[in-house]
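Student: Here you go, sequence then predicted model.
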Amino acid sequence: MSEPQGSEGTTQRLPVIERSAEPDRRDDSATTAGYGPPVVPEAGTAGGAHRFWSARRVPAGLVALLLLLLAGIFLYDIAAVRAHRPAMHWRRTLSGQLATRPLDDTWVLVGAGVAAALGLWLLVLAVTPGLRGVLPMSRTHPDVRAGLHRDAAAMVLRDRAMEVAGVQSARVRMRRRKADVRAVSHFRELDDVRADLDASLGEAVRGLGLARPPALSVHVARSTGKKG
């Protein structure tokens with residue numbers, strides 16, 4: 001077996017790149033900042049995470065349509081009177097009733113009560129945020145707001161409850177301040193099942209990232225189904 005040329009008992013030493021003992025001073029923040037988990041503030045420290053305001057398009061549209069119709073009818077009646085035509089019958093009747101009926105009349109009081117109730121309802125809509133079904137989440141960035149629907153939060157807690165050993169079924173009712181969890185267990189001791197539910201659901205609530213985490217109310221009952 002012949003040896004390759006140029007290898008007459010001599011070995012050529014390959015260059016070795018030695019790593020400097022000096023630490024690498026490169027700035028890796030540009031490559032690692034986008035991959036790390038977001039910083040979740042602790043509960044109660046998400047200042048300014050208020051409820052979302054509802055647009056309330058339906059009440060605003062109804063009020064605008066009603067005002068438009070009333071303004072159009074009165075404008076038409078005033079133009080007819082200016083054109084030397086008789087006023088509408090309903091306006092003559094209404095003017096006569098308002099001029100002859102006393103203020104303590106039953107129909108006058110009913111009409112005033114209805115008008116006051118509608119006005120109070122509109123004022124309440126104007127000063128309250130609405131969207132009670134959206135739970136505000138903690139703000140990890142000052143320019144970004146996020147919210148979680150109650151149904152989605154309840155589904156997450158229900159799925160987490162079903163993962164606990166011994167839970168046959170679970171029902172979650174999510175409120176603004178409280179999460180009511182009712183589970184049915186078909187084996188294991190009820191105290192053990194409830195302890196595991198408290199731990200698992202507590203972790204799940206913290207994982208939701210809500211600005212105001214709801215209080216947990218866990219109820220566990222024994223399954224009453226008959227065995228086949």
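Tutor: Perfect, I can see it now. Numbers count the residues shown, from 1 in each chain.
Student: okay, CA-based contacts and neighbour counts for the rest of this
Tutor: Will do.
Student: And the most centrally placed residue in the chain, how close does it get to residue 187?
Tutor: In the chain, the centroid-proximal residue (Cα atoms, centre = their mean) is residue 134; its distance is 1.9 Å. Plainly put, residue 134 is 36 Å away from residue 187 if you go by Cα to Cα, to the nearest Å.
Student: Nearest residue to residue 202 in space, please, no chain neighbours.
Tutor: residue 216 (7.5 Å; Cα to Cα, 6 or more residues apart in numbering).
Student: and that neighbour, that one's in a strand?
Tutor: Yes: counting by DSSP: H, G, I helix; E, B strand; the rest coil, residue 216 is part of a strand.
Student: per-domain residue ranges of this structure.
Tutor: Domains of the chain are assigned by automatic domain parsing as 57-127, 147-222.
Student: Now render those domains as a markdown table, adding mean pLDDT, mean neighbour count and distance to residue 140.
Tutor: Formatted as a markdown table, these follow (pLDDT from 0 to 100; neighbours: other Cα atoms under 10 Å; distance: least, Cα to Cα, whole Å):
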| stretch | mean pLDDT | mean neighbour count | distance to residue 140 |
| --- | --- | --- | --- |
| domain 57-127 | 87 | 12 | 27 |
| domain 147-222 | 92 | 17 | 10 |
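Student: thinking the residue nearest to residue 202 is in contact with residue 180, fair?
Tutor: Yes: with contacts defined as Cα atoms under 8 Å, residue 216 counts as touching residue 180 at a distance of 6.3 Å.
Student: Residue 77 in helix, strand or coil?
Tutor: helix.
Student: did I read that right, residue 165 in a helix?
Tutor: No: Residue 165: not assigned to a helix; according to three-state DSSP it is coil.
Student: Contacts only, for the closest residue to it other than its chain neighbours.
Tutor: Counting by Cα to Cα, 6+ apart, residue 165 lies nearest to residue 193, which is 7.3 Å off, once chain neighbours are set aside. The contact partners of residue 193, taken as Cα atoms under 8 Å, 6 or more residues apart in numbering, are 164, 165, 166, 167, 185, 220.
Student: Save these as TSV, and put in distance to residue 156 too.
Tutor: Shown next, in TSV, are the contacts of residue 193 (distance: Cα to Cα, whole Å):
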residue	distance to residue 156
164	13
165	17
166	18
167	15
185	19
220	18
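Student: hmm, back to that, where's the residue nearest to residue 165 relative to residue 206, distance?
Tutor: Taken as Cα to Cα, the span from residue 193 to residue 206 is 20 Å.
Student: Work out for me the element residue 219 sits within.
Tutor: Using DSSP states H and E, the element containing residue 219 is strand 215-222.
Student: re the thing from before, and the residue nearest to residue 165, that's in a strand?
Tutor: No: counting by three-state DSSP, residue 193 is not part of a strand but helix.
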